[in-house]
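Q: what would the 3D arrangement of this be:
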Amino acid sequence: MKTFLWLWLIACVACSPVRVESTTQTPGVDFTTYRTYNFLDVEARNEAAFQGPGTGMTELKQAVARELERRGYQQAATPDVWVNIGVVTQDKVQTRQTNFRDAPRYIGQRRYSWKSEEVVVDRYEEGTATVDVVDAARNERVWQGVAVSTLTDDPTKLAARIDEGITRMFAKYPVPPRE
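A: This next block holds a predicted model:
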């Protein structure tokens, strides 16, 4: 029974629509000295383009704030670290390649030929969220996490994917949660 549960858990994680692409950390930085955080200014990041319902920026900020606060950070006007969130969306096309089983059954002309080709199956939008943690005193990035997910128009699903991605991303943050 335990084997089944582990296989089921691994299958669920493997099928998740969210994946953490990378996390990087500046060597030699003592993250335990940081106590406060805040988000970079709107003008500094062109955040205005992502304001409003359904964009996910509010959910991203809330998820990052939750993870930092779980690690003992507090939001402050003059923080120890700045948090910069970058979002990139990209239109994607899912295809499949035809094979000989897909070839039409044809008898007749001698010069008939058939080629394998890519067939469009679906079009979707993929979002990449990058979270940079910047040492405010040195103005130097000390940690970065990147998560990728397919986007959805359903605000509930979008919020759930954002929460999942940020939670997975911060699982690799150098300061563990205090829970």
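Q: show me where this structure dips below the pLDDT cut-off.
A: For the chain, the stretches flagged by pLDDT under 70 are 1-16, 42-55, 98-116, 179.
Q: so in it, which helix runs the longest?
A: helix 155-170 (DSSP state H).
Q: partners of whichever strand or helix holds Gly145 in the sheet?
A: Assessed by DSSP states H and E, Gly145 sits inside strand 140-150. According to DSSP bridges, strand 140-150 forms sheet pairs with strand 18-25 (antiparallel), strand 118-135 (antiparallel).
Q: just checking, what packs against the host helix or strand of Ala65?
A: Following DSSP H and E, one finds Ala65 within helix 57-70. Packing partners of helix 57-70 (3 or more CB pairs under 8 Å, 6 or more residues apart in numbering; DSSP states H and E): strand 36-39, strand 81-97, helix 155-170. The C-beta positions use only the backbone N, C-alpha and C, and glycine is treated the same way.
Q: in the strand holding Gly145, which residues are buried?
A: Arg141, Val142, Trp143, Gln144, Gly145, Val146, Ala147, Val148, Ser149 (16 or more other CB atoms under 10 Å).
Q: wait, the second one touches Thr24, no?
A: So that's Val142. No: Val142 lies out of contact with Thr24 (CB atoms under 8 Å); the separation is 9.6 Å.
Q: how near is the most centrally placed residue in the chain to Ser22?
A: Nearest to the mean C-alpha position of the chain, by CA atoms, centre = their mean, lies Ala147 at 2.3 Å. Here the criterion is CB to CB, to the nearest Å. By it, Ala147 lies 9 Å from Ser22.
Q: over to Gln62?
A: Distance of Gln62 to Ser22, computed by CB to CB: 23 Å.
Q: tell me the contacts of the residue nearest to the centre of the chain?
A: By CB atoms under 8 Å, 6 or more residues apart in numbering, the residues touching Ala147 are Val18, Arg19, Val20, Glu21, Thr128, Ala129, Gly165, Ile166, Arg168, Met169.
Q: same check, this time on Pro177
A: So Pro177 contacts Glu67, Arg70, Arg71 (CB under 8 Å, 6+ apart).
Q: same list (the helices and strands packed on helix 57-70) but as JSON lines, adding distance to Val119 and mean neighbour count.
A: Listed next are the helices and strands packed on helix 57-70 as JSON lines, based on distance: least, CB to CB, whole Å; neighbours: other CB atoms under 10 Å:
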{"stretch": "strand 36-39", "distance to Val119": "44", "mean neighbour count": "18"}
{"stretch": "strand 81-97", "distance to Val119": "6", "mean neighbour count": "14"}
{"stretch": "helix 155-170", "distance to Val119": "27", "mean neighbour count": "19"}
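Q: of these, which is nearest Val134?
A: strand 81-97 (4.4 Å; CB to CB).
Q: and the closest one, what other elements does it pack with?
A: Strand 81-97 packs on strand 36-39, helix 42-45, helix 57-70, strand 118-135, going by 3+ CB pairs under 8 Å, 6+ apart.
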